[in-house]
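A.B. asks: Any chance you could fold what I've pasted below:
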Amino acid sequence: MKLQGDIRHISPFQIIILGFLSVILLGTVLLMLPIATVDRTWTGFVEAMFTSVSATCVTGLVVYNTAEYWSVFGQVVILCLIQIGGMGVVTIAISIARFSGKKIGLVQRNTMQEAISAHQLGGIVKMTNFIFRMVLIIELVGAVFLAPTFCKECGIKGIWYALFHSISAFCNAGFDILEQPEGNSSLMQYAGNPFINLPIMLLIILGGIGFMTWDDIRQNKHRIRKYRMQTKMVLLVTFLLLILPFLYYFFFEFSRKCWDMTLGEQLLASLFQSVTPRTAGFNTVELTQMTDVSKFLMVILMLIGGSSGSTAGGFKVTTLAVLFMTIWAVFHHSEEIQSFGRRLSPQSVFNAVTIFLLYIVLFIIGGFTISMVDAVPLLDALFESASAIGTVGLSLDLTPRLGTVSRWILMLLMFFGRVGGLTLIFAVISEKHPVYSKYPEDKMTVG
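C.D. replies: Residues are numbered from 1 along each chain as shown. This next block holds a predicted model:
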């Protein structure tokens, strides 16, 4: 009886944390088995756990080449972890329970609401079923578009390649299993192929805009005025974060003679590199050849990430939008933060500031520590740190060369980036204590 009472008192945030941890540990055990590797050898605990964390947290940072080291069994395990991590442990578990005919109680509904960042509890089961169906449809359609190119080059094996990379792209994971020519990685051999670039980019964007954005568009369709403020902000900021980096990369990075690209290749490379840092992890060019400014722009994009309640990581485009709305209100001496005819709640501002500072502080501490421990250039360490906490997976070929301490740092950053800062905080401090009195107000000069 006491155990049942304890279980009932577990908060939705704690359920989400425990769910991710359970999946990571199960994935670690499976990846340690000899059957998971091509050479049929046991994999070390740290290496297996790093891969499991990276897959479940849909990041894509690896210590071993996924195509060369892991067997088909190992790749299937990684793909399952990506799918579970992308949709959310709770979302998949409750969707399966729903399809099996089991009743969904209030606790499960509250957990579902937190897992997909829904605004209200009503209709949450119906929404989750819609998300589950749409994810499967989009991933299958993506695989259909990718299959012709992969099958032409690899035969029947191309179907497996198409399915794996479609799920990896939609879940913003960035894992690839392609047999690469020497010197290539990720999708570099398809840098000029629109039949690979365009479907992958579209899958990344669809996975990154958020399930709540999907639901709003489904309900209101072309009636944009009826969209929620969050949906409008997500679409607007996402558009700007795609166009502005694209223009920079096209005019200032890939136009340089050292890249030796045709105009079409420059366009594709510029667009792809503006899409993938938020937060997919695929790349079609050698990132180490990019200028420091281009790398730092990627760091910024990786930290921002996608939308709340999506397969993407980062501190989210909605957080960025709230911060800029707050700045705009301060500049105009406005006591209220408004946009699209709606007023923003003070709690949204508090949450945005908290999330932003948590990400920045942990990103900097992680990068500085990796740089000191493994004696690597600071920019490279910060790039890897941003890739981990933003659950991106882009790398400057640094992760495989890092020591055990740095790998644990990256694992912690990946876990934090996937479950979210507030989820971790609320999982520890789950109870709200009512306040019946207030301290006297005082002022503090800032700036």
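A.B. asks: Name the next helix or strand downstream of the helix or strand containing Phe13, please.
C.D. replies: Per DSSP states H and E, Phe13 falls inside helix 12-32. Downstream of helix 12-32, the first helix or strand assigned by DSSP H and E is helix 45-56.
A.B. asks: which ones are touching the closest residue to Phe272 other than its chain neighbours?
C.D. replies: Once flanking residues are discounted, Phe272 sits nearest to Thr284: 5.0 Å by Cβ to Cβ, 6 or more residues apart in numbering. The way it works is simple: take the backbone N, C-alpha and C, and place the C-beta from them, glycine included. Going by Cβ atoms under 8 Å, 6 or more residues apart in numbering, Thr284 touches 186-188, 190-191, 197, 268-269, 272-273.
A.B. asks: Please name the nearest non-neighbouring residue to Met212.
C.D. replies: Spatial nearest neighbour of Met212, excluding adjacent residues (Cβ to Cβ, 6+ apart): Gly309 at 5.0 Å.
A.B. asks: Pretty sure the residue nearest to Phe272 sits in a strand.
C.D. replies: No - assessed by DSSP: H, G, I helix; E, B strand; the rest coil, Thr284 does not belong to a strand; its assignment is coil.
A.B. asks: what about the helices in the stretch 101-250 of the chain?
C.D. replies: Under the criterion DSSP state H, counting those that start in this stretch, the stretch 101-250 of the chain contains helices at 106-115, 124-154, 157-170, 194-208, 211-220, 229-248.
A.B. asks: State the helix or strand in which Gly314 lies.
C.D. replies: Assigned by DSSP H and E, Gly314 falls outside every helix and strand.
A.B. asks: Please work out how many residues are found near it.
C.D. replies: The number of residues packed near Gly314 is 28, by other Cβ atoms under 10 Å.
A.B. asks: go on, Thr291?
C.D. replies: By the measure other Cβ under 10 Å, the count of residues near Thr291 is 12.
A.B. asks: tell me which helix or strand of this protein sits lowest on mean pLDDT?
C.D. replies: The helix or strand of the chain with the lowest confidence, counting by mean pLDDT, DSSP states H and E, is helix 2-8 at a mean of 47.
A.B. asks: isn't Thr399 right up against Leu410?
C.D. replies: Yes - contact criterion Cβ atoms under 8 Å: Thr399 and Leu410 qualify, at 6.9 Å.
A.B. asks: Need the overlap of contacts for these two.
C.D. replies: Common neighbours of Thr399 and Leu410 (Cβ under 8 Å, 6+ apart) are 61, 384.
A.B. asks: and these two? which has more neighbours close in?
C.D. replies: Using other Cβ under 10 Å, the more surrounded residue of Thr399 and Leu410 is Leu410, with 26 against 21.
A.B. asks: Now that one: closest residue in space that isn't a chain neighbour?
C.D. replies: Per Cβ to Cβ, 6+ apart, closest to Leu410 is Ala388, 4.4 Å.
A.B. asks: can I assume the one you found sits in a strand?
C.D. replies: No - secondary structure assignment (three-state DSSP) places Ala388 in helix, not in a strand.
A.B. asks: Could you check how far it is from Ser255?
C.D. replies: To Ser255, Ala388 is 31 Å away according to Cβ to Cβ, to the nearest Å.
A.B. asks: who's more crowded, the two?
C.D. replies: Per other Cβ under 10 Å, whichever of Ala388 and Ser255 has more neighbours is Ala388, with 34 against 13.
A.B. asks: ok, that one - contacts?
C.D. replies: 59, 61, 366, 409-411, 413-414, 417.
A.B. asks: For Ile84, state which of those is nearest.
C.D. replies: Ile84 has its nearest neighbour among these in Thr59, at 13.8 Å by Cβ to Cβ.
A.B. asks: for the closest one, helix, strand, or coil?
C.D. replies: Looking at Thr59 with three-state DSSP, the answer is coil.
A.B. asks: cool, and the one 4 residues further on?
C.D. replies: Reducing the assignment to helix, strand or coil with three-state DSSP, the entry for Val63 is coil.
A.B. asks: Please tell me I have it right and it contacts Met49.
C.D. replies: No - at 10.2 Å, Val63 does not count as touching Met49 under the criterion of Cβ under 8 Å.
A.B. asks: Relative to Thr262, how far out is the residue nearest to Phe272?
C.D. replies: As judged by Cβ to Cβ, Thr284 and Thr262 stand 14 Å apart.
A.B. asks: go on, Leu323?
C.D. replies: Applying Cβ to Cβ to Leu323 and Thr262 gives a distance of 39 Å.
A.B. asks: Looking at the two, which one has more neighbours?
C.D. replies: The neighbour comparison of Leu323 against Thr262 (other Cβ under 10 Å) goes to Leu323, with 16 against 9.
A.B. asks: Could you check what's spatially nearest to the more buried one, not counting adjacent residues?
C.D. replies: Spatial nearest neighbour of Leu323, excluding adjacent residues (Cβ to Cβ, 6+ apart): Ala352 at 5.6 Å.
A.B. asks: So what's the residue count around that neighbour?
C.D. replies: Neighbourhood size, Ala352 [other Cβ under 10 Å]: 22.
A.B. asks: List the buried residues for the helix or strand containing it?
C.D. replies: Element membership for Ala352, per DSSP H and E: helix 346-374. For helix 346-374, the neighbour count (16 or more other Cβ atoms under 10 Å) marks 348-349, 351-352, 355-356, 358-359, 362-363, 366-367, 370-371, 374 as buried.
A.B. asks: Sweet, I'm off.
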